[in-house]
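got a sequence here, can you build the structure:
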Amino acid sequence: MKGKPMIRRRDFLGLSALAAFGLVMAGCDSDSGSKVDTSKARNGAMDSFGVGDTFKATTPLSFTFLFSDQPTYPYKKDWLLFTKMASDNNVTLQPTIVPSSDYEQKRSLLISSGSAPEIIAKTYPGQESAYVSSGAVLPVSDYVDLMPHYQAKIKKWKLEPEIAGLTQEDGKYYVLPGLHEELWPDYTLAFRTDVLEKEGIAEPKSWDEFREVLRKLKKSHPDVVPFSDRFNGNSVLNIAGTAFGTVAGWGLVDGLTFDDGKKQFAFGSASSQFKDLVTYFNSLVSEGLMDPESFTQTDDSAIQKFTSGKSFVISANSQNIITYRTSMEQSLGKGNFAVRKITVPGGPAGDLIGGSRLENGIMLNSSVKDKDSFVALMQYIDWLFYSDAGQEFSKWGVQGTTYTKEGSKRVLAKDINFQGLNPAGTKDLRVDYGFSGGNFSYGGTTDLLQSTFNDEELAFQKAMKSKTPKPVAPPVPFSDTDREQATLVLTPLKDHVKQNTLKFITGQRPLSEFDAYVKELDSKGMGKYVDLANKAYKAYADKK
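Residues are numbered from 1 along each chain as shown. Reported below is the predicted structural model:
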């Protein structure tokens, strides 16, 4: 199951706050500031390595790897993924296995103790910031000249603004992100479309239309609360926040919004746009159109209401739709329902979608710069994570064994299944072979990304292309001292925002007190936090 959508810009202030202090004095004693003399670290490296070349070490190499283990497809050392790397790339990976549920905490502990593996997987852009000041992770931007596929994709796909967002105060970046050719919108709202069709109601294209649809459903089904959401409302608030010109839910992250006209940041949750957002959702709740439990109930509870016919709308991604239908076949009976994702509604700020083309990627332990095989390591990473061939291998496996090609279309082998693409298959691409797993398979061309989509999801993605991507905000590269101060201030700020978002929407606090709420944010250090952010941004902009 996928996690949150790709919404992160500088999320270290929230997700990595627990690590920020312990790591300042931690673990890695090597000087990450001195660059590697790559002419003396070429053991196993290819003399000529460019775009289109497959990496194969000239001597057998072994690298350690931090592996996030998923219970749905647990690690197996004899996966074809690993045996083919050993034979075709001459590389053996020695994994440190960590349960996915404990991954972020364990990663922090390993890095702070100086015992992290060389390759540190499953790191979202922003999470690396807590580890920079200790010198524990490598400033990878110093060595991207060794990575021709990575550089070529950034240039071809015009990813320079997103990559600039990784910049730390020293002008370098410390994470190699997954790179997507295009935005990948997935999370939206799912409707019981059979109910809409029966009532003659068109799918909504805007948030105003969404409310009108809920009103019509409420009128025809007075005993039903049409919208009962999951994810504690974080998904719907995220996508609606973008359309209203603010940040909320999963999109709250660092709380900042950028005014391109003024060239400065503000705290989004204190804005008039945010007031409009909570006012809108308050109207849904107060009119009996949205279940107030949407923000507190478990996912299972929300799903049960939807799949049993007690509600008609719920947040979803493409994988959720499959799960809903499976449950509804049991509860309502096959052929007695229809469920589909709708395109994300537009709002006052425009027909916008948020997100990033950067996905989770890898950090490198700064100790790798002392390896005589350092250049080979960078070449291997470049091939595996950024070449077309490496990405296809990580996702689909071995042509002729796990899949074949019919023209440009990839087709699973007859005995292999993956997410319902080949239900007759008795083996699973992830469980039995190790491919399409979250440690290796991310990023790539839109063609590769969509190669496992069904026709319905392809149609959704096509429809979403009519939306306008939200502009990428510039980086906020805090100094170590300012980052620490910002973390201390932001934590209570975000807590207050979340508490009062719920109160305003559910009516526990009257909207007439919004100005008082903003003053409360001021008293908790909002002004100081925004000043720190603008100071960091100005310092960055002045260096350009």
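
any stretches of the protein with poor pLDDT?
Low-confidence segments of the chain, defined by pLDDT under 70: 1-33.

following the chain past the longest helix along it, name the next helix or strand.
Under DSSP state H, the helix in the chain containing the largest number of residues is helix 480-506. Next in sequence after helix 480-506, counting helices and strands by DSSP states H and E, comes helix 514-523.

state the next helix or strand along the chain beyond that following helix.
The C-terminal neighbour of helix 514-523 among helices and strands, as given by DSSP H and E, is helix 526-543.

list of residues touching that next one?
Contacts to helix 526-543, defined as CB atoms under 8 Å, 6 or more residues apart in numbering, come from residues 167, 169, 171, 254-256, 263-267, 270, 474-479, 482, 485-486, 489-490, 493. Yep, even glycine has a C-beta here, placed from its N, CA and C like the rest.

which members of those occur in helices, if any?
482, 485, 486, 489, 490, 493.

touching, the fourth one and residue 521? I think so.
Right, the one you point to is residue 489. No - if you go by CB atoms under 8 Å, residue 489 and residue 521 don't touch, sitting 10.4 Å apart.

what residues sit buried inside stretch 520-528?
Within stretch 520-528, the residues that qualify as buried by neighbour count (16 or more other CB atoms under 10 Å) are 521, 524, 525, 526.

quick one: that stretch to chain centroid distance?
29 Å (CA atoms, centre = their mean, to the nearest Å).

could you export that stretch as CSV, CA atoms only?
Taking Å, rounded to 0.1, in the frame of the first residue of the first chain, the C-alpha atoms of stretch 520-528 are listed here in CSV:
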residue,chain,number,x,y,z
GLU,A,520,-2.7,32.9,19.3
LEU,A,521,-0.4,31.8,16.6
ASP,A,522,1.5,35.1,17.0
SER,A,523,1.9,34.4,20.7
LYS,A,524,3.3,31.0,19.9
GLY,A,525,6.1,32.4,17.7
MET,A,526,4.6,32.5,14.2
GLY,A,527,6.3,35.9,13.4
LYS,A,528,9.7,34.6,14.5
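
setting aside sequence neighbours, what's the nearest residue to residue 216?
Sequence neighbours aside, residue 201 is the residue nearest to residue 216 in space, at 5.4 Å (criterion: CB to CB, 6 or more residues apart in numbering).

name all residues that make contact with the one you found.
Each residue near residue 201 by CB under 8 Å, 6+ apart is listed here: 213, 216, 217.

pretty sure the last one belongs to a helix, no?
Yes - with the criterion set as DSSP: H, G, I helix; E, B strand; the rest coil, the secondary structure at residue 217 is a helix.

pretty sure it is touching residue 225, no?
No - Residue 217 lies out of contact with residue 225 (CB under 8 Å); the separation is 9.6 Å.

residues contacting the helix or strand harbouring residue 82, please?
Here residue 82 is covered by helix 80-84, with elements defined by DSSP H and E. The contact list for helix 80-84, computed with CB under 8 Å, 6+ apart, reads 92-93, 393-394, 397-398, 401-402, 433-435, 437, 440.

rewinding a little: ChimeraX command to pick out the buried ones of the contacts of helix 526-543?
Written as a ChimeraX command, the selection of buried residues from the contacts of helix 526-543, which uses 16+ other CB under 10 Å, is:
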select :167,169,254,255,256,265,266,267,270,474,475,476,477,478,479,482,486,489,490,493
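
looking at the contacts of helix 526-543, which are in strands?
Using DSSP state E to define strands, the subset of those located there is 256, 264, 265, 266, 267.

quickly check these for the two that are furthest apart.
The span of the ones in strands among the contacts of helix 526-543, defined through CB to CB, is set by 264 and 267 at 11.4 Å.

need the contacts of helix 80-84 in JSON lines (columns: secondary structure and distance to residue 112).
Formatted as JSON lines, the entries for those read as follows, by DSSP: H, G, I helix; E, B strand; the rest coil; distance: CB to CB, whole Å:
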{"residue": "92", "secondary structure": "strand", "distance to residue 112": "27"}
{"residue": "93", "secondary structure": "strand", "distance to residue 112": "23"}
{"residue": "393", "secondary structure": "helix", "distance to residue 112": "33"}
{"residue": "394", "secondary structure": "helix", "distance to residue 112": "29"}
{"residue": "397", "secondary structure": "coil", "distance to residue 112": "36"}
{"residue": "398", "secondary structure": "coil", "distance to residue 112": "38"}
{"residue": "401", "secondary structure": "coil", "distance to residue 112": "41"}
{"residue": "402", "secondary structure": "coil", "distance to residue 112": "39"}
{"residue": "433", "secondary structure": "coil", "distance to residue 112": "34"}
{"residue": "434", "secondary structure": "coil", "distance to residue 112": "29"}
{"residue": "435", "secondary structure": "coil", "distance to residue 112": "32"}
{"residue": "437", "secondary structure": "coil", "distance to residue 112": "26"}
{"residue": "440", "secondary structure": "coil", "distance to residue 112": "25"}
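
and of these, the nearest to residue 209?
The shortest separation between residue 209 and any of the contacts of helix 80-84 is 39.7 Å, and it belongs to residue 437 (by CB to CB).

please enumerate the helices of the stretch 201-350 of the chain.
Taking DSSP state H, counting those that start in this stretch as the criterion, the stretch 201-350 of the chain carries its helices at 207-220, 234-244, 272-286, 299-307, 318-331.
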